[in-house]
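Novice: no FASTA, just this:
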Ligand SMILES: O=P(O)(O)O[C@H]1O[C@H](CO)[C@@H](O)[C@H]1O
Ligand SMILES: Nc1nc2[nH]cnc2c(=O)[nH]1
C-alpha cells in the first residue's frame with residue numbers, strides 16, 4: 001500500500017481501517033491509552049518500555065510532520081505497565097494538511113482499541129496570572145476554526161465512529177482532570193499547575209496585540225495551533241480526553257512591548273519543563289490502569305463476609321460489593337434467579353458462572369485463564 005497520506009476526500013472508514021490493520025499486523029501491542037506529544041514534548045515516548053517504533057513515512061496513509069520539535073514517529077510500548085501509543089509529532093493545518101488529515105491518527109487509535117487520549121501542547125499564555133513554564137490542565141477549549149466552519153466533523157457523518165451532532169460541553173473528562181490535579185499535588189508541583197481554557201487558532205502566525213486581547217476577552221487562558229481538532233474527533237469516537245498546555249511564552253498584549261513570540265523560545269521552555277510533564281503523565285497513566293478496580297467495587301476494603309443464603313446472580317453482584325450501577329453492565333442478563341451450580345470452584349468458572357459477560361471476566365480478574373481453585377477461606381472482597 002502507498003505511504004502517501006490520503007487526500008481529504010479519501011479519508012474513508014476503509015482508510016482508517018487499512019492503517020489500523022497494518023499497525024496491528026506489525027505489533028502485538030494493543031494500547032488502551034494514546035498520547036499526542038506537543039512541540040518539544042516528544043520525550044515522553046522515550047520512557048516507554050518494549051518500544052516498537054514506526055516512522056510516519058512507513059505507515060500507510062499517515063501524514064508526515066514538517067515542524068521542528070515534532071519527530072514524526074509512532075511509538076508503541078508500556079508505561080507503568082499500561083500499553084500506550086505515543087505520537088512523537090502531530091499535524092497542524094498550517095502545514096497544509098486539511099482537517100481530516102490532522103485528525104487522521106485519532107480515528108486510527110480508536111480502531112486500535114484506545115479508550116483514553118492524552119494530549120500535550122505548547123501554548124502562549126493569555127491569562128495575566130500565568131507564568132512561562134506553568135502547566136495548564138485544559139478544562140475546556142475554544143475551537144476557533146471550528147466556530148467558523150472548519151470543523152473536522154463537517155461533511156457526511158461516519159456513523160461507525162459517532163453521531164452527527166456531538167456534545168462538546170463535557171469534552172475534557174472531569175474525572176481525569178480530578179485525577180491529574182490529585183497527582184500534581186502528590187508530585188508537589190501545584191505551584192505551577194493551572195486549570196483553564198485553551199483556544200486553537202490556525203497559525204502559523206503568532207497573535208497580534210489586538211488578537212491576543214480579543215482571545216483573552218473571549219475567555220481563553222492559553223492559545224496554540226493544535227489540539228482542539230484532535231479533541232473533537234476523539235470525542236466523536238467516544239474517547240476520554242485529558243489535555244495539558246505548557247505555557248512556553250506569554251502572548252504580547254501591550255502595544256509598546258518589545259517582546260516577540262518565536263518558536264525557539266517555545267522549544268527552549270519545553271526543555272525546562274519536559275521532565276515534570278513527563279513525570280505527571282506517567283503517574284496519571286499508572287492510575288488510569290488501576291482505576292477500573294475502585295470503579296467496580298463500592299468499597300475496596302470491606303470485610304463483610306459472604307452470606308451463604310445469597311444464591312441468585314443479582315444478589316451476588318451487590319453482595320460482592322460491586323456498585324449497584326455497575327452490576328447491570330456486568331451481567332449478561334439481569335434479574336435472573338438461576339441458582340449457582342455447586343461444582344463451580346475456579347475463578348474463571350465463577351466469572352461466567354455468575355453470569356458475568358465473558359468479555360468482562362478477564363478485565364475483572366487480575367490474571368486470566370487461571371484454574372486456581374478458590375481457597376475456601378477466601379470470603380471477603382479484598383481477597
Ligand atoms: O501545539 P503544538 O503542536 O504543541 O505546537 C505549538 O507550537 C508551535 C508554535 O511555536 C505551534 O505548532 C503551536 O501549536
Ligand atoms: N498561537 C500561538 N501558538 C503558540 N504556541 C506556542 N506559543 C504560542 C503562541 O503564543 N501563540
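Specialist: Happy to help now that I have it. Computed from a predicted structure; not experimentally measured. Ligands and ions are numbered 1, 2, ... in the order given.

Novice: part of a strand, is residue 118?
Specialist: Yes - counting by DSSP: H, G, I helix; E, B strand; the rest coil, residue 118 is located in a strand.

Novice: who's it bridged to?
Specialist: Note on residue 118: beta-bridge partners residue 35, residue 242, judged by DSSP bridges.

Novice: close to ligand 1: what parts of this protein are there?
Specialist: With C-beta under 6 Å from any ligand atom as the criterion, the chain meets ligand 1 at residues 38-39, 67, 90, 92, 121-122, 203, 224-226, 263, 266. Just so you know, the C-beta spots here come from the backbone N, C-alpha and C atoms, and that holds for glycine as well.

Novice: report the contact partners of residue 90.
Specialist: By C-beta atoms under 8 Å, 6 or more residues apart in numbering, the contact list for residue 90 reads 36, 37, 38, 65, 70, 102, 105, 226, 230.

Novice: can you flag which of those residues belong to helices?
Specialist: Judged by DSSP state H, the contacts of residue 90 include 102, 105, 230 as members of helices.

Novice: which of these are buried? Put it as a ChimeraX command.
Specialist: Listed next is the ChimeraX selection for buried residues among the ones in helices among the contacts of residue 90, using 16 or more other C-beta atoms under 10 Å:
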select :102,105,230
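
Novice: re the thing from before, mind putting the contacts of residue 90 in CSV, pLDDT and distance to residue 154 included?
Specialist: CSV is the format used below for the contacts of residue 90 (pLDDT from 0 to 100; distance: C-beta to C-beta, whole Å):
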residue, pLDDT, distance to residue 154
36, 97, 21
37, 94, 27
38, 92, 25
65, 84, 24
70, 70, 25
102, 96, 13
105, 97, 19
226, 97, 18
230, 98, 16
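
Novice: check whether stretch 25-39 comes near ligand 2.
Specialist: No - against ligand 2, stretch 25-39 shows no contacts by C-beta under 6 Å from any ligand atom, the least distance being 6.9 Å.

Novice: whoops, stretch 229-246 was the one
Specialist: No - on the criterion C-beta under 6 Å from any ligand atom, stretch 229-246 is out of touch with ligand 2, staying 8.6 Å away.

Novice: end-to-end on that stretch?
Specialist: 18 Å (C-alpha to C-alpha, to the nearest Å).

Novice: how about residue 154: what's its closest non-neighbour residue?
Specialist: residue 99 (7.4 Å; C-beta to C-beta, 6 or more residues apart in numbering).

Novice: just to revisit the earlier point, which pair of the contacts of residue 90 spans the longest distance?
Specialist: 37 and 102 (14.9 Å; C-beta to C-beta).

Novice: now list the buried members of the residues of the chain next to ligand 1.
Specialist: Buried, going by 16+ other C-beta under 10 Å: 38, 39, 67, 90, 92, 121, 122, 224, 225, 226, 263, 266, out of these.

Novice: by pLDDT, give me the weakest of these.
Specialist: Within these, residue 67 has the lowest pLDDT, namely 78.

Novice: touching, that one and residue 89? I think so.
Specialist: Yes - if you go by C-beta atoms under 8 Å, residue 67 and residue 89 touch, sitting 7.4 Å apart.

Novice: select the longest helix from this structure.
Specialist: Per DSSP H, the chain has its longest helix at helix 263-290.

Novice: identify the residues contacting the closest residue to residue 220 other than its chain neighbours.
Specialist: Using C-beta to C-beta, 6+ apart and skipping the chain neighbours, the partner closest in space to residue 220 is residue 199 (3.5 Å). Neighbour list for residue 199: 126, 141, 142, 144, 215, 218, 220, 222, 223, 224, 228 [criterion: C-beta under 8 Å, 6+ apart].

Novice: interface residues of the stretch 101-250 of the chain facing ligand 2?
Specialist: Counting by C-beta under 6 Å from any ligand atom, the residues of the stretch 101-250 of the chain near ligand 2 are 122, 123, 124, 201, 203, 206, 207, 223, 224, 225, 248, 249.

Novice: and of those, the nearest to residue 19?
Specialist: residue 225 (24.2 Å).

Novice: three-state assignment of residue 197?
Specialist: Residue 197 ends up strand, using three-state DSSP.

Novice: that one against residue 137, yeah?
Specialist: No - applying C-beta under 8 Å as the test, residue 197 and residue 137 come out as separate, 10.7 Å apart.

Novice: any low-confidence regions in the stretch 151-300 of the chain?
Specialist: 290-300 (pLDDT under 70).

Novice: now the helices: where do they sit in it?
Specialist: Using DSSP state H, counting those that start in this stretch, the helices of the stretch 151-300 of the chain run over 174-187, 209-218, 228-236, 263-290, 292-296.

Novice: looking at the ones you listed, which one is packed in the most?
Specialist: Of the helices of the stretch 151-300 of the chain, the one with the most neighbours on average (mean count of other C-beta atoms under 10 Å) is helix 228-236, at a mean of 25.

Novice: which residues touch residue 81?
Specialist: 286, 289.

Novice: next: residue 226.
Specialist: 38, 90, 92, 121, 200.

Novice: quick revisit: in CSV, list the ones in helices among the contacts of residue 90 along with distance to residue 192.
Specialist: Formatted as CSV, the ones in helices among the contacts of residue 90 follow (distance: C-beta to C-beta, whole Å):
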residue, distance to residue 192
102, 29
105, 29
230, 24
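
Novice: which of the ones in helices among the contacts of residue 90 sits closest to residue 165?
Specialist: residue 230 (19.3 Å).

Novice: the closest one contacts residue 36, correct?
Specialist: Yes - Residue 230 is in contact with residue 36 according to C-beta under 8 Å; the separation is 6.1 Å.

Novice: which residues are common contacts for those two?
Specialist: In contact with both residue 230 and residue 36: 90, 117, 119, using C-beta under 8 Å, 6+ apart.

Novice: could the residues you listed go into a markdown table alongside distance to residue 166?
Specialist: Below are those laid out as a markdown table (distance: C-beta to C-beta, whole Å):
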| residue | distance to residue 166 |
| --- | --- |
| 90 | 21 |
| 117 | 15 |
| 119 | 17 |
